[in-house]
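Trainee: Provided below are the primary sequence and the corresponding predicted coordinates.
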Amino acid sequence: MNVLVIGSGGREHALVWKLSQSPRVKQLYCTPGNPGTAELALPFPSDAGDFPGLIAASRRLGIDLTVVGPEAPLAAGIVDEFRDAGLAVFGPAKRAAELEWSKAFAKDFMRRHAIPAASSTTFTPGRVDEALAHVRSAPLPLVIKADGLAAGKGVVVCRTRDDAVRALEEISDPALFGSAGSTVLVEEFMAGAEASVFAVTDGSDFVTLAPAQDHKRALDGDRGKNTGGMGAYAPAPCVTPALMKEVEERIIRPTLEGMASEGRKYTGCLYVGLMLTNEGPKVVEYNCRFGDPETQVVLPLYGGDFADLLLASATGAVGALPQARPSAGSAVCVVIASGGYPGSYKTGKPISLPGPGETPPGVHIFHAGTGRGPGGELVTSGGRVLGVTAVRPDGGMAQTIAEAYEAVTLISFDGMHFRHDIGKGALA
Ligand code: AMP
Ligand code: GLY
């Protein structure tokens with residue numbers, strides 16, 4: 001089959017890389033893509049934001065499956081448009097993706113279906129005064145969230161009332177958050193370990209991938225600002241097989257059944273962000289897509305044919321898939337970021353990478369914020385630049401971590417920074 005991947009980050013490079021290993025895939029395309037995806041996939045003759053253009057080009061080039069990476073096109077209804085055109089597409093429809101693009105919807109949905117989550121109150125536009133009064137008396141710590149998509153920046157964990165008032169004022173400021181923060185949520189703080197679980201589903205049957213943990217803070221020891229993710233590892237040992245069963249039965253299955261019963265059949269990847277609390281696993285958030293950088297560590301461990309899995313999700317055939325080999329081994333991804341990220345940073349810095357044949361076996365360097373300079377040289381073009389991923393088929397997380405960091409020493413660009421403690425949580 002011919003497959004088109006939409007997106008340009010580390011997640012999309014990992015998707016293209018995994019799909020390229022399927023004997024079922026004849027030709028891969030990626031748009032807008034990056035210099036890493038360009039090694040495995042052809043550029044696509046249509047802009048990623050132009051849905052009618054994408055559909056026309058997909059027909060012309062005989063695309064059998066389109067895989068949508070990021071949340072923005074999903075929230076804009078790309079899946080609905082492809083389906084209306086009779087094309088197979090991996091991802092949820094707009095009304096199903098609302099689980100990610102409206103945290104207020106997700107909260108109400110979980111309440112309706114008794115899915116475990118933190119208790120919370122939603123304040124609709126114009127009710128900032130009520131929200132302020134609420135945070136002045138609610139038990140600390142508490143969590144303030146923007147309702148809409150905010151690129152990972154719309155959540156603040158507040159330990160003091162002053163922090164909470166400031167967060168509320170910032171999130172509801174249209175100059176800072178636009179319409180994403182016009183509705184805000186004030187949520188109970190949950191303590192525990194966090195984990196990400198991905199379920200690939202056709203709306204009724206689903207396959208869960210290896211549980212992962214990402215590292216959201218910028219600095220070692222979970223200090224510094226929140227980022228899109230500074231690294232990840234899988235499997236996360238805190239999600240034992242018994243806990244995974246519980247997550248499937250108490251969270252994933254009721255979510256899919258609840259969405260179907262509300263006329264919002266959920267297809268694609270359901271990303272469940274979990275807090276493992278003393279009272280059991282609870283949902284921190286849903287995302288309507290694969291996580292970044294978790295994808296970079298979860299896909300290498302998947303033992304089945306990934307193209308078949310995504311096509312089955314798009315065509316309603318997940319229940320008919322052969323049983324995949326259980327995922328085995330371990331993977332660690334260290335994100336290398338631009339100096340200053342997640343604050344402001346400069347781009348266009350030349351990147352030095354291992355040459356052909358010099359990348360150690362089992363190491364994959366996934367491109368995220370990379371581009372080409374005036375002379376065609378590889379340069380930085382974003383905050384998260386590369387995801388250096390080590391994979392060992394035989395487990396041994398300590399060894400996998402060592403191999404990932406060994407590979408990091410082969411890479412350099414001006415100002416680069418990365419965390420030194422990715423994966424340590426798995427050893428504790
Ligand atoms: P989200 O964008 O909803 O995943 O939130 C970003 C991060 O904020 C999460 O990964 C958690 O670390 C933290 N967080 C969100 N909600 C809560 C909560 N209710 N209790 C504790 N931490 C939370
Ligand atoms: N790694 C967090 C996310 O993809 O939302």
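Mentor: Arrived safely, thanks for sending. Ligands and ions are numbered 1, 2, ... in the order given.

Trainee: got the contact list for the closest residue to ligand 2 within the stretch 1-150 of the chain?
Mentor: Using CB to the nearest ligand atom, the closest approach of the stretch 1-150 of the chain to ligand 2 is made by residue 11 at 7.5 Å. The way it works is simple: take the backbone N, C-alpha and C, and place the C-beta from them, glycine included. Applying CB atoms under 8 Å, 6 or more residues apart in numbering to residue 11 gives the contacts 69, 70, 289, 290, 291, 292, 293, 295, 296.

Trainee: quick one: secondary structure of the fifth one?
Mentor: Think residue 291. Secondary structure, DSSP: H, G, I helix; E, B strand; the rest coil: residue 291 is coil.

Trainee: In space, what's closest to residue 96 - neighbours in sequence excluded?
Mentor: Spatial nearest neighbour of residue 96, excluding adjacent residues (CB to CB, 6 or more residues apart in numbering): residue 266 at 4.4 Å.

Trainee: do stretch 215-231 and ligand 2 meet at all?
Mentor: Yes. Contact of stretch 215-231 with ligand 2 (CB under 6 Å from any ligand atom) involves residue 229.

Trainee: Contacts for that stretch next, please.
Mentor: If you take CB under 8 Å, 6+ apart as the criterion, stretch 215-231 is touched by 151-153, 155, 214, 232, 291-294, 332-335, 337, 341-343, 383-384, 387, 418-423.

Trainee: List the buried residues for that stretch?
Mentor: Within stretch 215-231, the residues scored as buried using 16 or more other CB atoms under 10 Å are 215, 216, 217, 218, 226, 227, 228, 229, 230, 231.

Trainee: Now it: average pLDDT?
Mentor: Per-residue pLDDT over stretch 215-231 has a mean of 93.

Trainee: contacting residues around residue 116?
Mentor: Taking CB under 8 Å, 6+ apart, one finds 110, 250, 251, 279, 280, 281, 282, 283 in contact with residue 116.

Trainee: among the residues you listed, which ones are buried?
Mentor: Judged by 16+ other CB under 10 Å, buried ones among the contacts of residue 116: 110, 250, 251, 281, 282, 283.

Trainee: Looking at the residues you listed, which is nearest ligand 1?
Mentor: Of all the buried ones among the contacts of residue 116, residue 282 has the smallest distance to ligand 1: 8.2 Å, by CB to the nearest ligand atom.

Trainee: Can you read off the backbone torsions of the closest residue to ligand 2 within the stretch 201-350 of the chain?
Mentor: Residue nearest to ligand 2 within the stretch 201-350 of the chain (CB to the nearest ligand atom): residue 291, separated by 3.4 Å. Geometry field for residue 291 lists phi and psi as phi -80, psi 160, criterion degrees, to the nearest 10.

Trainee: So what's the residue count around it?
Mentor: Using other CB atoms under 10 Å, residue 291 is surrounded by 22 other residues.

Trainee: Also residue 159?
Mentor: Residues lying near residue 159 (other CB under 10 Å) number 11.

Trainee: so where's the stretch 301-428 of the chain uncertain?
Mentor: 395 (pLDDT under 70).

Trainee: Ramachandran coordinates for residue 277?
Mentor: Per-residue torsions, residue 277: phi -90, psi 170 (degrees, to the nearest 10).

Trainee: now do residue 332
Mentor: phi -140, psi 130.

Trainee: List the residues that contact residue 106.
Mentor: Per CB under 8 Å, 6+ apart, neighbours of residue 106: 98, 99, 100, 283, 285, 286.

Trainee: actually residue 148, not the one I wrote
Mentor: Contact partners of residue 148, counting by CB under 8 Å, 6+ apart, are 101, 102, 103, 154, 177, 178, 179, 180, 181, 182, 183.

Trainee: What of residue 89?
Mentor: 65, 66, 67, 68, 78, 79, 82, 83, 314.

Trainee: so is residue 258 in a helix, a strand, or just coil?
Mentor: Applying three-state DSSP: residue 258 is helix.

Trainee: Please verify my assumption that it contacts residue 112.
Mentor: Yes. Applying CB atoms under 8 Å, one finds residue 258 in contact with residue 112, separated by 6.9 Å.

Trainee: okay, these two: which has more neighbours?
Mentor: residue 258 (18 against 11).

Trainee: How about that one: what's its closest non-neighbour residue?
Mentor: residue 113 (3.8 Å).

Trainee: Check whether stretch 413-428 comes near ligand 2.
Mentor: No. Figure legend: stretch 413-428 not in contact with ligand 2 (CB under 6 Å from any ligand atom); closest approach 12.8 Å.

Trainee: Contacts for that stretch next, please.
Mentor: With CB under 8 Å, 6+ apart as the criterion, stretch 413-428 contacts 193, 213, 215, 218-221, 230-233, 236-238, 330, 332-341, 345-346, 349-352, 380, 385, 397-398, 400-401, 404-405, 408.

Trainee: What residue in the stretch 1-150 of the chain comes nearest to ligand 1?
Mentor: Closest to ligand 1 within the stretch 1-150 of the chain is residue 118: 3.9 Å, counting by CB to the nearest ligand atom.
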